[in-house]
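In: Here is a sequence with its predicted model. Questions after.
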Number of protein chains: 2
Amino acid sequence: MVSIRDVAKVAGVSHQTVSNVLNTPEIVSEATRERINKAIKLLGYKPNAAARRLRSGHSDVIALGIAPGSDHAPSPIFDSFMHQLAAAAGNDGKKVMLYAKTDQEHDIALFESLQEQSDVDAIVLSGLEDQDARPKWLLEHQQLFALFGRPWNIELDQAGQIPWVDVDGFSGMKEITKRLIEAGRTHIGYVGWEPSTGVATDRYDGWKAALDEAHFDYAANPYELETWTESVEEELGAGLDATATLYERHPDLDAIVCPSDNIAVGALLASSRLTKYAVVDDARNSTIADRPIIVTGFDNSRLARSFAFPSVSQPLDQVADELVRMIREILKGVKVTNEPRWHRLFKPSVVWRDVATHE
Amino acid sequence: MVSIRDVAKVAGVSHQTVSNVLNTPEIVSEATRERINKAIKLLGYKPNAAARRLRSGHSDVIALGIAPGSDHAPSPIFDSFMHQLAAAAGNDGKKVMLYAKTDQEHDIALFESLQEQSDVDAIVLSGLEDQDARPKWLLEHQQLFALFGRPWNIELDQAGQIPWVDVDGFSGMKEITKRLIEAGRTHIGYVGWEPSTGVATDRYDGWKAALDEAHFDYAANPYELETWTESVEEELGAGLDATATLYERHPDLDAIVCPSDNIAVGALLASSRLTKYAVVDDARNSTIADRPIIVTGFDNSRLARSFAFPSVSQPLDQVADELVRMIREILKGVKVTNEPRWHRLFKPSVVWRDVATHE
DNA sequence: TCCAAGACTTTGAACGTTCTGATAGTCTTG
DNA sequence: CAAGACTATCAGAACGTTCAAAGTCTTGGA
């Protein structure tokens, strides 16, 4: 194994100068720097991460918890997020370490072991639950971290001590609903989660805001809302059932907004004769088929692409970059404050897919 | 930060004895061991991973590449695999590090940087392409690794130098097809990828084997095979189209076997009136509806659960455990041989979902 | 001519662990 | 009882880097 001292010997300088070339090249004269770089290349020197960590006290490693599987994943695009985070971290000379996450308690036990091994510099926490003990624990134990997702149970956050990055579900839902209105839709239903959690309420409010802004006036029933359990496993089926019920009450529906692609597929299937895929030359529905119902989803996952319905796309690359930026700053010792730079809300973008043109 | 020497001082022993308690407790007398353990607890000592790595030369870290996103993921259950791997590694005192993977060349550049930093002990490589340069590179550069997935381009493997774990697609497809035969299906079609890659051929052969074994005799056309591009993005749509074509030629089809859940959904939609979700009181199809067509998939992903069709489930926990076991052995210095223990093929299990009972 | 300041480089220590070899002390054996 | 083998422990070196401080050389102003 070739060390910094071998390089120094070849370049005819001291080991420290080599170290300087690697860490603070600007303080080394150009001539020496070039000579050393040549020696580095010649010998194929690669810095030893372990030694670096031991001495400098930080590991440049970010820990990320991963949920058991597709079922309990906070979102169907979590794998995409992981990729983006790994890439963003890599650009910053950092690495992402995976830990298998189960429940809150187990997570905390894990944090405990991570913390003191000087193994991990910071933790990215995602998929927060509404009453989540983890941020509090991390704060108390002075473990650096950043959240993907707002801490909806705000109490803690009074001092603005918790850095987070999130995607503005409200805005996304509002935009895609506005888009439906622009497309001439006049009876736009909502099929989604019971608005008891932060995320659920946020998205529901987005749809409502768009309708209010357009001065929709649904007489007695301003809008219909169907609710069901949060079970992701059953989202599709639940979406289907809820949509069917909604149709019965409002046969004139011409669009349905959903807060997830899974639900959207359910809604799509409930109105299957009217969509791209399920139009099976069924003459009886021709009147409605002329103007097929539009269902929209959220996340722009593979489902949205496959079934070709409009959806809201999260800017995961920006989220990842921002998380890494925050962590970099925190590691540098910058204090987290109430300033907006520690609480970033990214606007998602609407990915429109015109059902008609796809025909 | 509390070190091994602090513990030693409190326990009244030398630092080396503390080290022994941690690494080879059996050579320390029980009395001393207890005393030291008490001191460890008292001081809240946690070993410093960086120092350990520097001295011992290994990091106990396994690197895993992750593809850009849902689109290019080798399988829809990759996130589940990651979780299992992280868990299995954790049980063995190891960690999983993520690296963002793009194409083969870029991957190799990355390996290069990983390799010499004494940052990573071994690499788990998955989603191999048919002509994949990576295993060869890793072998040549003496970077330890193990594959999830067989190296289909076998040349290299002559010496059995490549350790791998895989799931037996052939067996899975055969079993699920047999299950269809047991269920009384007599016209079982196949809609899948063009059998040009290893995986595609493997799965196709499984279906064929089951039919052959049952002495199916499809007169002129023994079986129908529809092919299309491998684009995952378009799998569902392609599956739909191919299935529609197949129906035209074989109106008497009563089952379709697919090598992926995505394709299965396409096939399902093509026969939508006949399925659980799309039965929209359409009297005209009652004769067929009495005995709805069964579509089967592969991976038992969320799609299979949502749409409630039978699928083949991969034992990812076993795969992960086995990969970690292999890596542990390799790190111990055990040479990879031709013995079956270095090339494990796990049998997947059929997850049956009876369309009728779901009605 | 001298000194201070600046630019660059060097020296030695330190990070916390494991490895190597050595030292007592105890047990076996003939 | 002495020699050898084994047990339990210890002391110092080493891993490869960065930190802290000091050293050398050049430059320019007094």
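Out: Alright, I've got the coordinates.
In: continuing past the lowest-mean-pLDDT helix or strand in chain A, what's the next helix or strand?
Out: Within chain A, confidence by mean pLDDT, DSSP states H and E is lowest for helix A:286-289 among all helices and strands, at a mean of 37. Of the helices and strands lying after helix A:286-289 in sequence (DSSP states H and E), the nearest is strand A:294-296.
In: buried residues in that next one?
Out: By 16 or more other CB atoms under 10 Å in any protein chain shown, the buried positions in strand A:294-296 come out as A:294-296. Quick note: C-beta positions are derived from backbone N, CA and C, even for glycine.
In: Pick out whichever of those residues sits closest to chain B.
Out: residue A:295 (14.3 Å; CB to the nearest CB).
In: what about the helices in the stretch 151-300 of chain A?
Out: Here the stretch 151-300 of chain A has its helices, by DSSP state H, counting those that start in this stretch, at A:169-182, A:198-213, A:235-249, A:261-270, A:286-289.
In: could you dump the ones you listed to a markdown table with distance to residue A:1 and mean neighbour count?
Out: Converted to a markdown table, the helices of the stretch 151-300 of chain A look like this (distance: least, CB to CB, whole Å; neighbours: other CB atoms under 10 Å in any protein chain shown):
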| stretch | distance to residue A:1 | mean neighbour count |
| --- | --- | --- |
| helix A:169-182 | 50 | 21 |
| helix A:198-213 | 50 | 20 |
| helix A:235-249 | 52 | 20 |
| helix A:261-270 | 50 | 28 |
| helix A:286-289 | 71 | 12 |
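In: Next one: residue A:317 from residue B:131, what distance?
Out: 30 Å (CB to CB, to the nearest Å).
In: Could you report the neighbour count for the closest residue to DNA strand D within the stretch 151-300 of chain A?
Out: Nearest to DNA strand D in the stretch 151-300 of chain A, going by CB to the nearest atom of the strand, is residue A:163, at a distance of 23.6 Å. As a burial measure, residue A:163 scores 23 neighbours (other CB atoms under 10 Å in any protein chain shown).
In: ok, now which ones touch it?
Out: By CB atoms under 8 Å, 6 or more residues apart in numbering or on different chains, residue A:163 lies in contact with A:145-147, A:326, A:330, A:336, A:342-343.
In: can we see that at 7 Å?
Out: Neighbour list for residue A:163: A:146, A:326, A:330, A:336, A:342 [criterion: CB atoms under 7 Å, 6 or more residues apart in numbering or on different chains].
In: can you tell me which of these lies nearest to DNA strand C?
Out: Nearest to DNA strand C among those is residue A:330, at 21.4 Å by CB to the nearest atom of the strand.
In: thinking again about what came up before, comparing residue A:317 and residue B:131, which residue is more hemmed in?
Out: Ranked by neighbour count (other CB under 10 Å), residue A:317 and residue B:131 place residue A:317 first, with 16 against 8.
In: Name the helix or strand for the more buried one, please.
Out: helix A:316-331.
In: quick check, that helix touching chain B?
Out: No. Using CB under 7 Å from any CB of the partner chain, helix A:316-331 stays clear of chain B, coming no nearer than 8.2 Å.
In: Buried residues in that helix, which are they?
Out: A:316-330.
In: need the contact list for the nearest residue to residue A:186 once chain neighbours are set aside.
Out: Closest residue to residue A:186 apart from its sequence neighbours, by CB to CB, 6 or more residues apart in numbering or on different chains: residue A:254 at 6.4 Å. By CB under 7 Å, 6+ apart, the residues touching residue A:254 are A:185-187, A:291, A:293.
In: again with residue A:210
Out: Residue A:210 is in contact with A:174, A:177-178, A:181, counting by CB under 7 Å, 6+ apart.
In: ok, the residue in the stretch 101-250 of chain A that DNA strand D sits nearest to to residue B:50 distance?
Out: At 12.5 Å from DNA strand D, residue A:118 is the closest residue in the stretch 101-250 of chain A, using CB to the nearest atom of the strand. From residue A:118 across to residue B:50, the span is 6 Å (CB to CB).
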